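Participant: Build the 3D model from these lines:
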Amino acid sequence: MITFAKLIAGGRGLAPALLKRSPSLTLDWDVRQKSRFEATDSQGRTVGVFLLRGTVVRGGDVLVGEDGSLLQVQAAPQPVLRITHCTAHGSPFDLLRAAYHLGNRHVPIELKPDHLKIEPDHVLAEMLQAMHLIVHSVQEPFEPESGAYGEHHNHNHNHVHSHDHGHDHGH
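Facilitator: Next up is the predicted model:
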């Protein structure tokens with residue numbers, strides 16, 4: 001079994017030709033949010049993934065093996081609820097309201113400009129339908145937001161953001 005303990009977020013900096021030749025690993029959200037798991041890659045090999053605790057693996061990430069091999073991660077289609085606004089009785093603003101209510105319930109949610117996705121939950125589906133939203137059960141990859149304080153692939157975010165706008169804020 002090959003072990004993989006390093007992650008390159010989105011495969012940044014890797015040559016496309018190199019990635020084209022590498023095997024893939026297709027995983028659903030439940031597995032990708034674990035930092036330690038065993039899986040089978042596209043070549044039929046058993047691989048062990050041992051990342052820093054709290055690391056979330058996203059579709060498009062690349063894992064680096066102890067032997068230097070690369071493994072592209074793909075988000076597997078899985079059952080999700082796809083939520084859209086009703087064009088006859090609502091507006092896109094209804095999606096913002098839905099995201100607010102789902103966020104208050106700490107529901108993992110994928111945000112898109114024209115729809116939301118959540119894991120299947122009949123109680124939440126009924127709540128959303130009562131808000132005049134359209135809820136469809138579909139099989140699609142699920143990439144929920146990591147949250148404002150969530151894990152971001154263990155990147156170092158200790159950099160300074162300048163907010164000097166060239167004027168006095170009066171305080």
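Participant: Flag every buried residue along the longest helix along the chain.
Facilitator: Taking DSSP state H as the criterion, the chain has its longest helix at helix 93-104. Of all the residues in helix 93-104, those buried under the rule 16 or more other C-beta atoms under 10 Å are 94-95, 97-99, 102. All C-beta spots, glycine's among them, are computed from the backbone N, C-alpha and C.
Participant: same deal with stretch 24-40?
Facilitator: Buried residues in stretch 24-40 (16+ other C-beta under 10 Å): 25-27, 29, 31-33, 35, 37, 39.
Participant: Out of these, list just those in helices.
Facilitator: Using DSSP H, the subset of those located in helices is 29, 31-32.
Participant: Can you tell me which of the residues you listed is closest to Ala15?
Facilitator: Arg32 (24.2 Å; C-beta to C-beta).
Participant: least trustworthy helix or strand in this protein by mean pLDDT?
Facilitator: In the chain, no helix or strand scores lower on mean pLDDT, DSSP states H and E than helix 16-21, which sits at a mean of 92.
Participant: Output the contacting helices and strands for it.
Facilitator: strand 70-75 (3 or more C-beta pairs under 8 Å, 6 or more residues apart in numbering; DSSP states H and E).
Participant: Contacts for the strand it packs on, please.
Facilitator: With contact meaning C-beta atoms under 8 Å, 6 or more residues apart in numbering, strand 70-75 is reached by 4, 11, 14, 18-19, 22-29, 32, 41, 47, 57-65, 141-143.
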